[in-house]
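Chemist: Pasting a predicted model and its sequence here:
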Amino acid sequence: MRKTYLAIGAIIVLGMMSFSYTNYSAQVFKSYTDSLRSLYSRPISQWPQPTIDSGAVWSEMAAIPKDDTSWSKSDNDPVTRLGMFLFFDPKLSGSSQISCSSCHDPDLSWQDGRVIALGNDHLQGNRNTQSLLNVFIYPKLFWDGRATSFESQMVEPLSAHHEMNMDVPTLGEKLSKIKGYQTLFEKAYGSPEIDFDKIAKALTAFQTTIKSRSTRFDKFMSGDHDEFTNDEVAGLHLFRTKARCMNCHSGPYLTDTSFHNIGLTYYKRKFEDLGLYNVTKKNEDVGRFRTPSLRELERTRPWMHNGLFDNLEGVVNMYNSGMPQKPKTEEQKNDPMFPKTDRLLKPLNLTQQEKKQLVAFLNTLTGVPYRMRRPEIPK
């Protein structure tokens, strides 16, 4: 009986100690988050300096404009309006079954939600479809930056057999047979004649209107500091400091628009993709891909150029590891093309709680979904 009492007593003492420790931990966390909230309730210029490596190109976080009237151009500007009809019209494909919106669906944050793209003849591409949200900010387009303008970019998806499979030189003639387009081109350009240059200009005008909507992050950045929970404030601080995210994701659109190797090259393996190297042929560009914007992050999954990740916890774990990519064999050591992980990637040593806080902050970057009624296609 005495042993039983002693055992019960030990359990009670341990329980009291556990409760005391938990209570103490909660008090410490509250004190920490209260101090962070106080810091981040100040003007942005007085926020703690972010952790930025030498040579990294960055700019301070900022809210996007609240009242973006770019969508009104689809009604008021005849060139943009023409571009909207073209964007949603499957007649731009060889089969007349696939439109630009087949892979860039406004209901899916202007991408397709697939791991990799699916196009003509039900053929798969090699890379994940990038969202067109805020595409106007990028000086180079595609994951590997091989296009420097919308006009040069759009030829490839239109003509590629596994995408829209259109004989681009004949597209103007195809659309010229449609009276509705003759009227729209007349209004846009003063002439009913249709050629690819006019088509490209109209599609460009429409795509530059595709922009993010305001989020809780923007409200916080604009001074509504009650918009974030304590975990989200802590996540914001981690994003700027220990997690080192702002080395690549900064400014109002949370991207440096540059190219980095984050260790997903699969060099000399089945899913090899050399990225920017295919464009520049420079060894240092092996495995580099464009930094995507983090806006609408939750709705633009799966992520990475190969659609590898479908949950933020996995992405955070990857970056937390530092993605070491060192040559192991003599052949790899002597290979000038062996991919080198970007110098900005380093082990982060984030705790489980910190990883949860970082994910909590990342979820504030997604706003109210946009629902767009498809236009009636010209006949």
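Modeler: Structure received.

Chemist: Return the residues in contact with Asn278.
Modeler: Residues near Asn278 by CB atoms under 8 Å, 6 or more residues apart in numbering: 144, 146. Glycine gets a C-beta too; all of them are placed from N, C-alpha and C.

Chemist: Same question for Lys346.
Modeler: Under the criterion of CB under 8 Å, 6+ apart, the neighbours of Lys346 are 244, 322.

Chemist: Using the three-state scheme, assign it.
Modeler: coil (DSSP: H, G, I helix; E, B strand; the rest coil).

Chemist: likewise the one 3 residues further on?
Modeler: Asn349 carries the three-state label coil when classified by three-state DSSP.

Chemist: How many neighbouring residues does it have?
Modeler: 9 (other CB atoms under 10 Å).

Chemist: Am I right that it is in contact with Asn320?
Modeler: Yes - judged on CB atoms under 8 Å, Asn349 makes contact with Asn320 at a distance of 7.5 Å.

Chemist: nearest residue to Ile178 other than its sequence neighbours?
Modeler: Pro378 (5.6 Å; CB to CB, 6 or more residues apart in numbering).

Chemist: what's the distance between the one you found and Ile194?
Modeler: 11 Å (CB to CB, to the nearest Å).

Chemist: what about the helices in the stretch 201-350 of the chain?
Modeler: Remark: helices assigned in the stretch 201-350 of the chain by DSSP state H, counting those that start in this stretch are 216-221, 230-240, 277-280, 312-321, 330-333.

Chemist: looking at these, which has the lowest confidence?
Modeler: Among these, helix 330-333 carries the lowest mean pLDDT, at a mean of 94.

Chemist: Residues in contact with that helix: which ones?
Modeler: With contacts defined as CB under 8 Å, 6+ apart, helix 330-333 is touched by 327, 338.

Chemist: Next secondary structure after that helix?
Modeler: Next helix or strand after helix 330-333 toward the C-terminus (DSSP states H and E): helix 352-362.

Chemist: what's in contact with that following helix?
Modeler: 228-229, 231-236, 238-239, 242-243, 245, 294, 297-298, 312-313, 316-317, 320, 350.

Chemist: Stretch 314-326 now?
Modeler: Here stretch 314-326 has contacts from 243, 245, 261-263, 265, 303, 309, 339-341, 345-350, 355, 358-359, using CB under 8 Å, 6+ apart.

Chemist: just the buried members of the residues you listed?
Modeler: Buried by 16 or more other CB atoms under 10 Å: 243, 245, 261-263, 265, 303, 309, 339-341, 345-346, 348, 350, 355, 358-359, out of the contacts of stretch 314-326.

Chemist: In the chain, where is pLDDT below threshold?
Modeler: For the chain, the stretches flagged by pLDDT under 70 are 1-26, 28-29, 67-71.

Chemist: for it, what spans make up the strands?
Modeler: With DSSP state E, the ranges of strands along the chain come out as 259-260, 289-290.

Chemist: deepest of those, which one?
Modeler: When these are scored by mean count of other CB atoms under 10 Å, the highest mean neighbour count falls to strand 289-290 (a mean of 22).

Chemist: closest to His161 out of the helices of the stretch 201-350 of the chain?
Modeler: helix 277-280 (18.6 Å; CB to CB).

Chemist: Need the CA coordinates for that closest one. CSV is fine.
Modeler: Extracted as CSV, the C-alpha positions of helix 277-280 are listed here (Å, rounded to 0.1, in the frame of the first residue of the first chain):
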residue,chain,number,x,y,z
TYR,A,277,21.6,26.4,-68.4
ASN,A,278,19.5,25.4,-71.4
VAL,A,279,19.3,29.1,-72.3
THR,A,280,22.7,30.5,-71.4
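
Chemist: Could you pull out the buried residues of that helix?
Modeler: So for helix 277-280, counting by 16+ other CB under 10 Å, buried means 277, 279-280.

Chemist: Now Ser212: closest residue in space, sequence neighbours ignored.
Modeler: Nearest non-adjacent residue to Ser212, counting by CB to CB, 6+ apart: Arg295, 4.4 Å away.

Chemist: Verify the contact between that neighbour and Ser214 for me.
Modeler: No - counting by CB under 8 Å, Arg295 stays clear of Ser214, with 10.2 Å between them.

Chemist: what about the two, which has more around it?
Modeler: Counted by other CB under 10 Å, Arg295 and Ser214 do not tie: Arg295 has more neighbours, with 26 against 17.

Chemist: Run through the residues that contact that one.
Modeler: By CB under 8 Å, 6+ apart, the contact set of Arg295 is 64, 133-134, 212, 215, 253-254, 365-366.

Chemist: same deal with Ala188?
Modeler: Contacts of Ala188 (CB under 8 Å, 6+ apart): 78-79, 81-82, 198, 202.
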